[in-house]
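J.: Sequence plus predicted model, see below.
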Amino acid sequence: MEECVEEVGRDMEWEERWELRRVVVVLEGHIYGGLVEEIVREMGFCYQRFSFGFGKCRKRLVF
């Protein structure tokens, strides 16, 4: 019985870490996506009046 409780505890701990990693990845994606969008706009690659949103800007960034 004690081993089952420990196993359930380990499983719960693993699931919590896994979920936390997913949240971090989603947040990073939003943060970095916003930063890249802002940089591209500041560099003038997408002309605001004729652009249909950031997804329509097809210029490539070269670093």
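T.: Sure thing, it's come through.
J.: Quick check: which ranges of this protein have low pLDDT?
T.: 1-2, 45-63 (pLDDT under 70).
J.: how about 90 then?
T.: 1-9, 29-63 (pLDDT under 90).
J.: helix or strand for Tyr32, which one?
T.: Taking DSSP states H and E as the definition, Tyr32 sits inside helix 2-43.
J.: which helices and strands sit right next to that helix?
T.: Packing partners of helix 2-43 (3 or more Cβ pairs under 8 Å, 6 or more residues apart in numbering; DSSP states H and E): none among the helices and strands. All C-beta spots, glycine's among them, are computed from the backbone N, C-alpha and C.
J.: Neighbours of Val40, how many?
T.: Neighbourhood size, Val40 [other Cβ atoms under 10 Å]: 15.
J.: heads up, I number from 726, so please use that
T.: With the count now opening at 726, the last piece we talked about shows up as Val765.
J.: Look up how far Glu753 lies from it.
T.: 18 Å (Cβ to Cβ, to the nearest Å).
J.: repeat for Met737
T.: Counting by Cβ to Cβ, the gap from Met737 to Glu753 is 25 Å.
J.: swap in Arg735?
T.: 27 Å.
J.: In contact with Tyr757, which residues?
T.: Not one residue lies near Tyr757 by Cβ atoms under 8 Å, 6 or more residues apart in numbering.
J.: ok, Gly758 to Leu745 distance?
T.: Applying Cβ to Cβ to Gly758 and Leu745 gives a distance of 20 Å.
J.: Likewise for Val730?
T.: In terms of Cβ to Cβ, Val730 sits 23 Å off from Leu745.
J.: again, but for Leu752
T.: 11 Å.
J.: any common contacting residues for those two?
T.: With Cβ under 8 Å, 6+ apart, Leu752 and Leu745 have no common neighbours.
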